[in-house]
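Chemist: Need a 3D model of the sequence below.
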Amino acid sequence: MVSGGLAIIMLVIAVAIIIVLTGKFKVNAFLVLIGVAFAYGLAIGLPGLDVLKHIKNGFGGTLTKIGIVIVAGTIMGTILEKTGAALSMTQAILKLVGKNRAPLAMNIAGYVVSIPVFCDSGYVILNPLNKALAKESGTSMAVMAVALATGLYATHVMVPPTPGPLAAAAALNADLGKVILIGLIAAIPAALAGLFWALKVAKKYHISPDVHESYSDIVAKYGKLPNTFLSFLPIVLPLVLIFMKSIAEYPTKPFGEAGLQKLLSFLGDPVSALMIGVLVALLLVRKGGIHEAINGWMSEGIKDSAIILVITAAGGSFGEILAKSPLAEFIKTNMAGLPLGMFLPFIISAALKTAQGSSTVAIVTTSGILAPMLATLGLDPALTAIAIGAGSMVVSHANDSYFWVVSQFSNMPVSTAYKVYTSATAVEGVVAFLAVLVLDIFI
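Modeler: As a prediction, this is how the structure comes out:
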């Protein structure tokens with residue numbers, strides 16, 4: 001096998017290949033990650049059969065840990081969209097903060113909705129309401145777009161069960177309850193930084209919402225919206241159950257080691273918790289629509305989850321190969337004493353994100369790189385997962401599909417999108433990282 005130093009050089013080359021193929025040539029990330037895993041394993045001197053074994057183990061092991069959770073989360077998001085629950089949650093937030101604070105309302109709505117829903121989908125779901133509120137309040141669409149987009153982005157990259165942070169938690173063997181808690185906390189200043197940028201910078205650019213429907217028209221189109229409590233419940237209940245599992249399994253065993261502790265460990269397992277969330281989401285379906293929900297909406301959610309599953313699992317394969325390389329020993333010997341700290345996961349993730357566009361690919365790849373050396377670097381797994389998520393926001397531009405969703409659905413010229421949205425993601429990511437550094441002091 002090659003030396004540790006040469007393995008590092010080869011890793012840099014491998015990452016460059018991932019960036020070029022996925023970013024410039026738009027090759028599917030699954031094919032790239034699997035191909036690079038094979039190439040890297042053989043290049044560092046692993047026997048061919050061992051490379052094959054590690055790729056299979058990494059792929060299957062990743063799906064074992066998070067496959068069902070990703071599918072369940074995608075199904076839940078589809079049900080929240082189809083039933084109008086996402087609109088119901090937004091309406092409740094509007095009542096709380098007032099229509100005169102429409103940008104704040106949409107920022108908060110994005111923060112909540114993007115916990116189980118991909119930010120791209122969340123933006124499309126909430127965009128009609130966002131435009132209607134822009135028209136009704138006389139606010140520039142640039143302000144509303146940045147406020148919503150940054151709210152969605154914050155939890156998308158830092159709070160499981162969204163696939164990126166979920167994959168990071170699995171790869172780094174981080175306590176999922178801790179990742180969710182830290183992610184929710186770090187996402188608050190990140191989202192508010194995006195809101196601040198919208199109100200201070202984006203307001204300089206007037207963009208008409210170009211809509212004819214009012215807020216009232218959109219609400220009326222859905223008819224009777226689901227109950228507010230039930231709308232939030234599919235998101236909140238699984239998170240609470242996962243938290244309770246983390247508490248129950250704390251070394252001091254606050255619930256003992258018998259019946260209640262075992263029950264909470266069962267219910268709070270991500271698979272159990274998310275499946276419970278899906279069942280609760282079905283309570284939102286109107287009478288007579290359960291057949292369509294089960295056979296139509298769930299099938300749609302399963303199809304949507306397929307590409308996420310294979311990309312995430314391919315990242316697991318690459319991570320397994322890296323774990324078998326001389327990287328960890330080299331880091332331990334030569335780099336463990338360097339004062340890089342949380343800056344390392346942040347900068348690797350940010351470089352990958354900016355270069356190739358996908359936050360999920362940046363998170364999965366960075367997690368795979370850092371997993372075998374985490375103990376050597378002395379980094380907390382949960383905080384590292386959030387630092388990686390923070391880096392994966394910096395920055396969203398033309399190679400990111402979300403950039404185009406935000407700009408095109410908001411009637412925003414590309415030049416303006418760079419000035420107000422791309423700059424906002426840079427600010428948001430840096431603020432999220434600063435929040436991680438503050439949390440690192442207390443955790």
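Chemist: In the stretch 251-400 of the chain, where is pLDDT below threshold?
Modeler: Along the stretch 251-400 of the chain, segments meeting pLDDT under 70 span 328, 331-332, 335-338.
Chemist: what stretches of the stretch 101-250 of the chain score poorly on pLDDT?
Modeler: Applying pLDDT under 70 to the stretch 101-250 of the chain flags residues 212.
Chemist: Where do the helices of it begin and end?
Modeler: Remark: helices assigned in the stretch 101-250 of the chain by DSSP state H, counting those that start in this stretch are 102-113, 119-137, 141-158, 163-171, 176-200, 215-222, 228-248.
Chemist: what's the closest of those helices to A313?
Modeler: Nearest to A313 among the helices of the stretch 101-250 of the chain is helix 163-171 (9.0 Å), distances taken as C-beta to C-beta. Any C-beta I mention is one placed from the backbone N, CA and C, and that applies to glycine too.
Chemist: Could you point out which of the helices of the stretch 101-250 of the chain sits nearest G41?
Modeler: Ranking these by proximity to G41 (C-beta to C-beta) places helix 163-171 first, at 17.2 Å.
Chemist: and the angle for that closest one with helix 141-158?
Modeler: 20 degrees (axes from the mean of the first three to the mean of the last three C-alpha atoms, to 10 degrees).
Chemist: Measure how far helix 163-171 is from the centre of its chain, please.
Modeler: 9 Å (C-alpha atoms, centre = their mean, to the nearest Å).
Chemist: That helix packs against which elements?
Modeler: The criterion is 3 or more C-beta pairs under 8 Å, 6 or more residues apart in numbering; DSSP states H and E, and the helices and strands that helix 163-171 contacts are helix 48-83, helix 141-158, helix 176-200, helix 298-323, helix 359-370, helix 381-391.
Chemist: Need those in CSV (columns: mean neighbour count).
Modeler: Output for these, formatted as CSV (neighbours: other C-beta atoms under 10 Å):
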stretch, mean neighbour count
helix 48-83, 21
helix 141-158, 31
helix 176-200, 23
helix 298-323, 22
helix 359-370, 29
helix 381-391, 31
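Chemist: so which of those helices gets nearest V112?
Modeler: Proximity to V112 (C-beta to C-beta) singles out helix 141-158 among the helices and strands packed on helix 163-171, at 7.6 Å.
Chemist: Point out the other helices and strands that the closest one packs with.
Modeler: Counting contacts by 3+ C-beta pairs under 8 Å, 6+ apart, helix 141-158 is packed against helix 102-113, helix 119-137, helix 163-171, helix 176-200, helix 359-370, helix 381-391, helix 401-409, helix 423-442.
Chemist: out of those helices, nearest to L148?
Modeler: Of all the helices and strands packed on helix 141-158, helix 102-113 comes closest under C-beta to C-beta, at 4.3 Å.
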